[in-house]
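**Student:** coords please:
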Amino acid sequence: EFRNPSSITQNTDWQDAIFRIAPVQNYQISAGGGNNLLKYHLSGGYLNQQGIIKTSDYNQFNLRSNIDVQVSEKLKIGSSISGSYSFGTFPNTEGHLGSRGVLSAALASSPTIPIKNADGNYVSELLDPLGVPVENPLFILENFSDKRNVSNLFCNNFFEYEIIKGLKFKSSIGINFSTNEIKLWKSSLLGSYGGATSPATAGVTKAESLNWLNENTITYKHVFKEKHSLDAFVGFTVQKDRYDRLSAGATDFPTDYVTFLSAGTVNAGTHYISEWSMLSMISRVNYSYAGKYLFTATVRRDGSSRFGTNNKWGTFPSFSVGYNLSEESFMKSVKFINNLKIRAGYGISGNNQIGNYTHIGLISSTNYVENNKIKPGLVPSNLSNDQLTWEKSKQLNLGMDLGLFKDRISLTADVYKDKKTDLLLAVQLP
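**Tutor:** Sure, this is the predicted structure:
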């Protein structure tokens, strides 16, 4: 028939069959106001976005509130809350023809066959020995489901009390909580590669993440004799993070009408929990004289759950000095220079960005043979390391800031040396 193209009456545009115009709707509403004693802001929104591929969509609701209250002359409290909930459907767009990727199927399907036959059933070349082994893209969309929803809640509350003039105590607690759920379903009518059908499969993953942080600080600010400015604070913080994920899969469903895992044979599952925590003590002093001579010193001591029993704590001091030449009287005659400052600093910082349980000897699952039978077992996956401790970065910095013609031209130059010790690096044992 290809020798006589006029005999081909079918001309199916498969990309036009799976794609569509996808409108987006976005609604936002907000209100705010207040006075010297109360300030507030409230907002909410809704987003609806259809995907350009049929059956795909995304929806999101969000809400935010900020409230600050001056309870008395000395006491102030505040709260900030934001949350969102989103859900959507995501078709199997990526992947090879054999794994039923919709885009690949649309590009490989022949335009000479219709989408459906006279009986209303989908048509494909999958079982045609002379055609490309590709399933009908719209049939794939109808028999595969990937539904997801995500919830997020962030809340931060604080209170601040002025003990005496210039001396304030502030305490805050913040919580970041999120959940994530994924539900997958593949009908038994949908096969893989050359097979027209295959057992129905389903999978569910649920994850929760909770991170909370409590900060407590005392600050003192005062100016002595109009030239000596002092800004100091000490603080204590506590932070903990927990992540919990549970996944399960099932197959051999007796019917495609009941898609819950319990309707099939559960044949896979994993459960993963990971936690870390950190305690910190912080202090800082800022001093300046007449805006010309600047000095800053900080010391923080951090304890991390990611390190060995005897090495959880690290102390990290730093200091810096600055000289504002542009504030000197002899620079007033130099009109084109409005800012000239030289500075120097030295400090030690710590790094704990490694796995949560790297210092512990872990075990992993494996199989072994006993009496000619395969049995599940456990083996060590890594060695314990009680000496694991903070990676330290020691940095020396020299710099200059220059502003010309009322900062129309600005220049910043820095020279630094950074030396790292106790490097956190996984090394393969011989």
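**Student:** Let's see stretch 290-310 as CSV, backbone CA atoms only.
**Tutor:** The C-alpha trace of stretch 290-310 is given here as CSV (Å, rounded to 0.1, in the frame of the first residue of the first chain):
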residue,chain,number,x,y,z
ALA,A,290,33.6,56.7,66.4
GLY,A,291,32.8,54.5,63.4
LYS,A,292,36.5,54.3,62.5
TYR,A,293,38.0,51.4,64.5
LEU,A,294,36.0,48.2,64.3
PHE,A,295,36.5,44.9,66.2
THR,A,296,34.4,41.7,66.2
ALA,A,297,35.1,38.5,68.1
THR,A,298,33.0,35.3,68.2
VAL,A,299,33.2,31.9,69.8
ARG,A,300,30.9,29.0,69.3
ARG,A,301,30.9,25.5,70.6
ASP,A,302,28.9,22.9,68.7
GLY,A,303,28.0,19.3,69.6
SER,A,304,26.9,17.0,66.8
SER,A,305,25.3,13.5,67.0
ARG,A,306,27.2,12.6,63.8
PHE,A,307,30.5,12.1,65.5
GLY,A,308,32.1,9.7,67.9
THR,A,309,31.4,9.6,71.6
ASN,A,310,34.5,11.4,72.6
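**Student:** in it, what's buried?
**Tutor:** For stretch 290-310, the neighbour count (16 or more other Cβ atoms under 10 Å) marks 294, 296, 297, 298, 299, 300, 302, 303, 304, 305, 306, 307 as buried. The C-beta positions use only the backbone N, C-alpha and C, and glycine is treated the same way.
**Student:** Can you name the residues that contact the fifth one?
**Tutor:** It refers to residue 299. Applying Cβ atoms under 8 Å, 6 or more residues apart in numbering, we find residue 299 in contact with 282, 283, 284, 315, 316, 317, 318.
**Student:** farthest-separated two in these?
**Tutor:** 284 and 315 (14.3 Å; Cβ to Cβ).
**Student:** Neighbour count for these two, which is higher?
**Tutor:** residue 284 (17 against 13; other Cβ atoms under 10 Å).
**Student:** Would you mind measuring from the residue nearest to that one when sequence neighbours are not counted to residue 222?
**Tutor:** Distance criterion Cβ to Cβ, 6 or more residues apart in numbering; nearest residue to residue 284, sequence neighbours excluded, is residue 298 at 4.3 Å. Using Cβ to Cβ, to the nearest Å, we find residue 298 at a distance of 19 Å from residue 222.
**Student:** again with residue 256
**Tutor:** For residue 256 relative to residue 222 (Cβ to Cβ), the value is 74 Å.
**Student:** and those two? which has more neighbours close in?
**Tutor:** With neighbours defined as other Cβ under 10 Å, residue 256 and residue 222 compare such that residue 256 has more, 15 against 12.
**Student:** so how far is residue 418 from the closest residue to the more buried one other than its chain neighbours?
**Tutor:** Spatially, and ignoring its direct neighbours in sequence, residue 256 is nearest to residue 187 (4.9 Å; Cβ to Cβ, 6+ apart). Distance of residue 187 to residue 418, computed by Cβ to Cβ: 57 Å.
**Student:** between those two, which one's more packed in?
**Tutor:** Set side by side, residue 187 and residue 418 show more neighbours around residue 187, with 20 against 10, by other Cβ under 10 Å.
**Student:** and the more buried one, what does it touch?
**Tutor:** 143, 144, 200, 256.
**Student:** Can you read off the pLDDT for it?
**Tutor:** On the pLDDT scale, residue 187 is placed at 94.
**Student:** And the helices in the stretch 1-150 of the chain?
**Tutor:** In the stretch 1-150 of the chain, helices defined by DSSP state H, counting those that start in this stretch lie at 14-18, 102-108, 137-143, listed in chain order.
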